[in-house]
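Quick one: sequence and predicted model below, then my questions.
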Amino acid sequence: MKEMIIETKVKVCHYDELSDADKKVVDAARAATANSYAIYSKFHVGAAVLLANGIVVSGSNQENAAYPSGLCAERTTLFWANSQYPNEAVKVLAIAACTGGRELDVPIPPCGACRQVILETENRYKTPMRIILYGVKECHIIEEGVKALLPLSFTSDFLE
Ligand code: THU
């Protein structure tokens with residue numbers, strides 16, 4: 001029997017080491033946590049994307065009393081960006097979170113459903129995103145796109 005080994009490269013750095021361009025997207029994600037509607041989990045997530053036209057769009061998680069009707073910050077942001085700017089590829093995605101009035105020391109990664117939506121967006125624009133996960137103590141950067149976070153992924157290729 002053969003084995004497949006799947007590796008994921010994650011760069012770990014401090015916020016101060018990010019480029020000014022990356023800081024701008026990360027700061028937009030951090031600021032967006034303030035607009036989160038998270039009255040049930042009290043877990044406030046912000047996301048921001050840099051589009052090919054240079055515009056930065058942000059969003060946050062929006063919860064609902066019927067829990068599954070809520071939506072994560074990443075999907076809120078991507079769906080908004082893609083509906084407002086359908087011809088602009090998404091180049092960078094940043095994610096930040098805070099709870100109890102404090103930003104998290106260690107970054108949160110996107111959930112599985114968001115990874116699938118990130119993948120669809122990458123394929124739609126034929127552009128892998130740089131994904132930056134913000135934490136106070138360290139940031140994680142995935143340079144090669146969401147395939148690194150969602151190996152063996154299901155795409156429209158299988159539908160043909
Ligand atoms: N959440 C996000 O917005 N993004 C993630 O990647 C993980 C979880 C939200 C969903 C829910 O509103 C809250 O965080 C707790 O799960």
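That came through, no problem.

can you pull out the helices in this structure?
Remark: helices assigned in the chain by DSSP state H are 20-32, 73-84, 112-125.

what's in contact with the first one?
Outside of helix 20-32, the residues that reach it under the criterion C-beta atoms under 8 Å, 6 or more residues apart in numbering are 15, 18, 46-50, 56, 58-60, 73, 77, 92-96, 103, 130, 132, 134, 139. C-beta coordinates here come from the backbone N, C-alpha and C atoms, glycine included.

So which of those sit within strands?
46-50, 56, 58-60, 92-96, 103, 130, 132, 139 (DSSP state E).

Produce a ChimeraX select command limited to the buried residues of the residues you listed.
Of those, the buried ones can be selected in ChimeraX as follows, counting by 16 or more other C-beta atoms under 10 Å:
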select :46,47,48,49,50,56,58,59,60,92,93,94,95,96,103,130,132,139
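
Any idea how many residues pack against Glu143?
Counted with other C-beta atoms under 10 Å, the neighbours of Glu143 add up to 13.

What's the per-residue pLDDT of it here?
Per-residue pLDDT puts Glu143 at 97.
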